[in-house]
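Visitor: coordinates only, sequence not included:
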């Protein structure tokens, strides 16, 4: 496997984006080239960076095991929106950065080879970006995702956490319709079969402190279920921590492959214990 830590200048945003890239160079050899099974874009959480996925989880081993390219950008506390007071991070992830990575690294951009997932704030980002761009991503993963932004803003009233939302949404904290995931569900459900996406949501059962993440997930799941989205849900005991997100990535890889990879990994963990 090749690991590249890059700083990519994105002229449209007039900024450099740090991104961690992992390539399964030991993978399947096709026509003299090593061909990856697909590309998984992984989004980090609040306070985090793309390095979190490579340093705090076993993402690189899972990608090596299964033959995936990983793209892990660093986007600050942007909530992956075009910020009111900050860079246009939504456009960076959806359009600007992929264009640069394609020029430099020839990363596949076909819909059927691209998946997006993230944790916490990144779970929100992955769900929003995925639902708004069904022509780009075949599947979406949200791990302990902040899936009800309106409820979260209300829940943080009078706390220091509220200050994170002002640079993203402005002083009045008005969330536009395309940034409210609950409002994106009906239009996603109404799409034709060719743009339907598979969605996996995971969450720790005890993840309620500060942001009420478990409750946010249940609200989104209930609304998505009523609308008829192709959604699967996994939960187990845990809070807002990396052992939940590490396992979630295994579940996501198994989910997009329709494979027993997660079952095999759980068996190994049990035997190691």
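Guide: Right, received. Where do you want to start? Predicted model only: the values in this text are computed from it and were never measured.
Visitor: use CA for all of it now, contacts and neighbours both
Guide: Will do.
Visitor: and the closest residue to residue 81 other than its chain neighbours, how far is that from residue 115?
Guide: Spatial nearest neighbour of residue 81, excluding adjacent residues (CA to CA, 6 or more residues apart in numbering): residue 90 at 4.5 Å. Noted for residue 90: a distance of 16 Å to residue 115, by CA to CA, to the nearest Å.
Visitor: higher neighbour count, these two?
Guide: Ranked by neighbour count (other CA atoms under 10 Å), residue 90 and residue 115 place residue 115 first, with 25 against 19.
Visitor: mind listing what's buried in stretch 225-236?
Guide: Across stretch 225-236, burial judged by 16 or more other CA atoms under 10 Å covers 229, 231, 235.
Visitor: now swap in stretch 140-157 and tell me
Guide: Burial within stretch 140-157, assessed by neighbour count using 16+ other CA under 10 Å, is assigned to 140-153.
Visitor: redo the residues you listed as CSV? Include secondary structure.
Guide: Formatted as CSV, these follow (DSSP: H, G, I helix; E, B strand; the rest coil):
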residue, secondary structure
140, strand
141, strand
142, strand
143, strand
144, coil
145, coil
146, coil
147, coil
148, coil
149, helix
150, helix
151, helix
152, helix
153, helix
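Visitor: pLDDT and distance to residue 56 added to the residues you listed, as a markdown table?
Guide: Below are these laid out as a markdown table (pLDDT from 0 to 100; distance: CA to CA, whole Å):
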| residue | pLDDT | distance to residue 56 |
| --- | --- | --- |
| 140 | 98 | 21 |
| 141 | 98 | 18 |
| 142 | 98 | 17 |
| 143 | 98 | 15 |
| 144 | 97 | 16 |
| 145 | 97 | 18 |
| 146 | 95 | 20 |
| 147 | 96 | 23 |
| 148 | 93 | 26 |
| 149 | 87 | 26 |
| 150 | 86 | 29 |
| 151 | 87 | 29 |
| 152 | 85 | 26 |
| 153 | 85 | 28 |
